[in-house]
Structure formats: structure tokens, C-alpha cells
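Visitor: I would like the atomic coordinates for the input below:
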Amino acid sequence: MLVGCAQTPREAGVLRVAQESDASTLDPAKAYDTTSIKFARVLYRGLVDFDQNARVIPELATRWTISPDGKTYTFQIRDGVRFHGGEKLSSRDFRFAIERMLDPKTASDGTSFFTNIVGAKDWIADKEKPLAQQKLQNIAGIECPDDSTLVFRLEKPEATFLANLALPFAYAVPREYVRALDKEGKTLSQNPNGTGPFRLKEWVHDGWLTLVKNPDYYRAGVPKLERVETQFGVGSTLQIMLLEQGNLDVQDITSAFPPDFLRLRDKEPWKSRIEHAPMMDFRYIAMNNEIAPFNDKRVRRAVNFAINRERIAGFLTGRVTLAKGVLPPGMPGFNPQLRGFSYNPQRAKQLLREAGFSPNKTQIPMLYPTTEPWYAKAAQSVQADLKAVGIAVDIVPLRFGDLRAKAGTRGPNGARLSFNGWLQDYPDPSNFFDPLFSSRSIKKTASLNRSFYQNPTVDTLLETALRETNQAKRHELYRAAEKQIVEDAPVVFLHHSENYVVRQPWVEGPVLHPMWSAVYEQLAVTE
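Guide: Residues are numbered from 1 along each chain as shown. Sure, this is the predicted structure:
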């Protein structure tokens, strides 16, 4: 795959895309950044999926039942499905996938979504012991009566459990194949073997990744594409140039530089080829609440007042909405009356004086990802704003995978300040609050709660909301939690994004999905 200045011949059935950053993994247990999920979900499949209206629908399960008390889920597995390597799908492959994901050695970001399964916490504790002291063979609350039946038993009713099962963390992996890889010292990331509509042909890190059609996919006529070619290391300006030359077929322009974005948005032929929708995300700067000076709420609130978020939004040319709290507009439970932080450097200085904070001589490292061009400008803007109130920071660019690892590490080896983003897994407020602000999400490594924020009042509100079945009552509980979170200011509340995608006229099918960043299995490229 080559990047050039001339138009290259295109092929029917071949989709060409480009992006700045490589995927961090193709292992579904670890896939939690946008790029990795994009590939994991077409290489693998789960029990359920989301449709174009964000509703949970059957995938590798044909049907399911839920007990009257809401604590037992029984799934019937689709017959005749095989992995890319030829292995027949079994209910035991789902159990193995979740047990593997919950094993601390896997270092998955997904553990907090599944600890409500009976025996999950015992399984995690058992796997933390030396091998000779481990006693558990399986998680007690996951049962496989036969190859076609899978049963989950929960400790408490959970309104979002079905949605959790649609995430890559719960995708089936062939148990004997993975065990063989482990013995050989190989990884599933480099040797994926799923049940999805595409297979991996080639992955050159920081170069390109090629997917090819799975001819044995269980759904007739899917996928329509023969091949998907993704090139990495292509900056925003070059992406637009390749698009305009006809060398790219579909392109995300959400983070394109303002002049390029405005030219495409406002002028034909591209204007009529652009589709956009709320991304349902939350961009923020995590402050490590366990390490000085950010263990003082007054300092954290001062940082929020010190930062000019409108200036940062300007780098994205109107493609964002300033965040007053955590939830994006349009999310169930969104509170339009919530009062957030305004730009007020004088108030910031006052709070720092009250906290006894003296201008620091040793710069605090502030990490930002190199995935999107606006981050560098935003980091420089924040650095200047904080310097103006007496907080010296050193901005540090990192590859996304490295930043995620650092920001998710607890203690002095972790990050003190880091830019982060959260994209909904499913349309429920719990999917924002529980991972980012519940103490249950704090881990030694791969912590989703990257501010390491703990507030017992918030924890109680979130736990109560998760078990509440009345939606109006749930939303009130989440609004109370959000109000307290804003008061405590564990993070800098930046903005929510709008997703923009442009397609060539020869691309057919949906290029936007309410849950996934790409649905390659539904696209077609014509002559």
C-alpha cells in the first residue's frame, strides 16, 4: 500500500481508508481504543450486537431469556458457526473469553463491566495468587450445560448487562487455539482467530493493516467487500489530499485541520457527501487525585477555572460542545441545568492561595496523545493558562497506547496530568460514570478511573442507579452523582465532539453508526 500524489486505480469491492495512529491491539480482551475496537469487532463477534438505532440485537446468540428476578441470563448459541481457523463455536469459548479477560495477567480494561457475575471477584483474586496456589477451574456464575447453551448468574440485577455483552471484551475466542498460542509464546493480537466477517491478511505496525473477506461467515451475502485496506501514519492534511485525489474511499474528518475541514464542509462536491452525528463522547484532562497537588479539591477546581476551554474548542472549528459535566447532550440523564466551570483565572488564583499552593519550580508532566492534531495545540494552550496562575507543566506527547498505559497506572509511576477521551460503549449514563468515576474502576494497572477519584457518596449513588429499574429514578440518581463529581472536580471538563465522515460517491451503505466507529461489513464499493 503506497501513498502517492497521483490517483491510483481503484478496485470494486476494495475499501481504502487512512488514519494517523495504528491499532494498539487486535486482542478483543484488550481492545478499548477506537481503532482497536474498529478492527476487533469485524474479526470477532459476540453474543449480541447493536443495530443502527443502538438497540441490542442477537448476533452469535439466537435468543435469550432473563429470569424474573433479573439475575439469570440464558443464551442459545447459533449453530454451525466456525472460527477463521475452522474450530466450531461452543458456549465454552464464551466462558473462556470472559475468564481470560478477567484474569489480571491479561490486563484488560473490561474487568469492571463483568464483576457482577457470581464468582467473578473470587476468580480475579484466585488468579492473583501464584500458579501453584490457584484453585478455581471456572467462574461459578458462568455455566455451559451443553455446547449450545450459556448461562450467566449475577449477584444483583443489572440494567446494562446485555449491553456489556456487546463489547469486544465478551467476544468469543477459541479456547484451545489461545492456549496453544500461550504455550508457544505467541499473542492473540498478532494471530487473531475470530468468527467475524473479515480475516486478518497482513498487519505491518505503523504501516498498514489489510482485512480480507471471510468466505465462511455465517450470514449469507455479508460482507459485501472483498478487502479493507487501512494505512497508518497518514496525517490529517495528507488524508484530505488523498481523499480529494480519489485515493481514499471513506474518511473521518472529525479532527481535520480547520482550513481543510471548512473547505470540505462548505463546498461541493464534498459538502453533500458529508455525514455527521454526535459522537457521544467526553474529552477531559485527568488529574491524579491521589498525588499532590491534585489531592486537594481546591487545586483541582482552580485548574478548571484557569483553563480557557473556548480557545481549545476553537481549534476544532465548531465541531464540539463545551462540557459542563460528564454526560454529552442527547445521552439519557443529561442535565441541561448543570452549572460547570467558566474561564476565571482570578478565581483560580484565589483557590490556589486558599490551598496554600506556591508556584511550583519542578514542572508537572502533562501527557497528551499524538492521535489527533488538535491535542498538541490544546496542550500548549493549557500549559500557558496554568503558567498564568502559577502552575508549571511540561507537555509530553505520547503514542496512544503508551499514554493509556501510563494514565492507567496507579501510584508514582503513573500520570499526574493527562488528556483523555471516553466514547460511549452503549447509550446509558452508567457507561460514563461507572468506568470513569467509580472507585470500583480503580486498578493498579489498566485503570479506567484515570483520576483515581474516590467518593463514597458517588459510589453509593452509582451502585443504586445501576440496580434501579425505573428509568426516571435512575436518571435522578445519576444527576445527583454528576453534580457531586463536578463539585469535586477530579478532572478538567473539556468538551463533547461531533463526528464527521465524508464518502466517495462509489461507496454504498452506512458510514456512521451510533455505537461503532466503522461498520465495514455493511459497506460496498461499486465500479
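Visitor: going forward, measure contacts and count neighbours with C-alpha atoms only.
Guide: Noted.
Visitor: run the chain-centre distance for the longest strand anywhere in the chain.
Guide: If you go by DSSP state E, the chain has its longest strand at strand 491-503. Here strand 491-503 is found 13 Å from its chain centre; the criterion is C-alpha atoms, centre = their mean, to the nearest Å.
Visitor: sheet-wise, list the partners of whichever helix or strand comes after it with their directions.
Guide: Where DSSP states H and E defines the elements, the next helix or strand beyond strand 491-503 is strand 507-508. With DSSP bridges as the test, strand 507-508 is paired with strand 524-525 (antiparallel).
Visitor: run the chain-centre distance for the strand it pairs with.
Guide: 27 Å.
Visitor: then stretch 22-40?
Guide: Taking mean C-alpha positions (C-alpha atoms, centre = their mean), stretch 22-40 and its chain are 9 Å apart.
Visitor: one step back: okay, now the sheet partners of the longest strand of the chain, with direction.
Guide: strand 250-252 (antiparallel), strand 274-278 (antiparallel), strand 281-287 (antiparallel), strand 320-322 (antiparallel).
Visitor: got the contact list for the first one?
Guide: Defining contact as C-alpha atoms under 8 Å, 6 or more residues apart in numbering, one finds that strand 250-252 is touched by 15-18, 239, 243, 499-504, 507, 511.
Visitor: surely residue 489 is in contact with residue 301?
Guide: Yes. Judged on C-alpha atoms under 8 Å, residue 489 makes contact with residue 301 at a distance of 5.6 Å.
Visitor: list the contacts of stretch 449-467.
Guide: Against stretch 449-467 from outside (C-alpha under 8 Å, 6+ apart): 156-160, 286-290, 407-410, 430, 433-439, 441-442, 473-475, 477-478, 480-481, 484-485, 490-491.
Visitor: filter those residues down to the buried ones and hand me the ChimeraX line.
Guide: A single ChimeraX command selects the buried members of these (16 or more other C-alpha atoms under 10 Å):
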select :157,158,159,160,286,287,288,289,290,407,408,409,410,430,433,434,435,436,437,438,439,441,442,474,475,477,478,481,485,490,491
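Visitor: mind checking which of the contacts of stretch 449-467 are in helices?
Guide: Residues of those located in helices (DSSP state H): 407, 430, 433-437, 473-475, 477-478, 480-481, 484-485.
Visitor: can you name the two of these that sit furthest apart?
Guide: Maximum pairwise distance among those (C-alpha to C-alpha): 33.5 Å, between 407 and 473.
Visitor: for the helix or strand containing residue 228, list the C-alpha coordinates in CSV.
Guide: Using DSSP H and E, residue 228 sits within strand 227-231. Extracted in CSV, the C-alpha atoms of strand 227-231 (Å, rounded to 0.1, in the frame of the first residue of the first chain):
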residue,chain,number,x,y,z
ARG,A,227,-10.9,-6.3,1.2
VAL,A,228,-10.3,-3.4,3.5
GLU,A,229,-7.0,-1.6,3.3
THR,A,230,-6.1,0.8,6.2
GLN,A,231,-2.9,2.8,6.0
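Visitor: following it, which helix or strand shows up next?
Guide: Once the chain leaves strand 227-231, the following helix or strand, as judged by DSSP H and E, is helix 236-245.
Visitor: counting neighbours, what do you get for residue 337?
Guide: 7 (other C-alpha atoms under 10 Å).
Visitor: over to it: give its phi and psi.
Guide: phi -90, psi 0 (degrees, to the nearest 10).
Visitor: now it: how far from residue 95?
Guide: 44 Å (C-alpha to C-alpha, to the nearest Å).
Visitor: check residue 126 too.
Guide: 17 Å.
Visitor: give me the domain ranges for this protein.
Guide: Following automatic domain parsing, the chain resolves into domains at 14-24+196-278+504-525, 49-175, 281-498.
Visitor: how long is the longest one from one end to the other?
Guide: The distance separating the two terminal residues of domain 281-498, taken as C-alpha to C-alpha, comes to 9 Å.
Visitor: again, but for the first one
Guide: With C-alpha to C-alpha as the measure, the first residue of domain 14-24+196-278+504-525 is 6 Å from its last.
Visitor: hmm, back to that, quick one: which of the strands paired with strand 491-503 is nearest residue 352?
Guide: Here strand 281-287 is closest among the strands paired with strand 491-503 (C-alpha to C-alpha), at 15.3 Å.
Visitor: next SSE after the closest one?
Guide: helix 297-306.
Visitor: in a markdown table: the contacts of strand 250-252, plus pLDDT.
Guide: Formatted as a markdown table, those follow (pLDDT from 0 to 100):
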| residue | pLDDT |
| --- | --- |
| 15 | 98 |
| 16 | 97 |
| 17 | 97 |
| 18 | 97 |
| 239 | 95 |
| 243 | 96 |
| 499 | 92 |
| 500 | 94 |
| 501 | 96 |
| 502 | 97 |
| 503 | 96 |
| 504 | 97 |
| 507 | 97 |
| 511 | 92 |
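Visitor: so where do the helices sit in the stretch 301-450 of the chain?
Guide: Using DSSP state H, counting those that start in this stretch, the helices of the stretch 301-450 of the chain run over 309-314, 345-354, 374-388, 400-407, 430-437.
Visitor: check which helix or strand covers residue 513.
Guide: Counting by DSSP H and E, residue 513 is part of no helix or strand.
Visitor: next one: the one 4 residues further on
Guide: With the criterion set as DSSP H and E, no secondary-structure element contains residue 517; it sits in neither a helix nor a strand.
Visitor: quick check: bridge partners of residue 152?
Guide: Counting by DSSP bridges, residue 152 forms beta bridges with residue 73, residue 142.
Visitor: just to revisit the earlier point, possible to save the strands paired with strand 491-503 as CSV with distance to residue 389 and mean pLDDT?
Guide: CSV is the format used below for those (distance: least, C-alpha to C-alpha, whole Å; pLDDT from 0 to 100):
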stretch, distance to residue 389, mean pLDDT
strand 250-252, 37, 95
strand 274-278, 34, 92
strand 281-287, 17, 98
strand 320-322, 22, 96
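Visitor: residue 297: which of the ones you listed is closest?
Guide: Between residue 297 and those, the shortest separation by C-alpha to C-alpha is 10.5 Å, and it involves strand 281-287.
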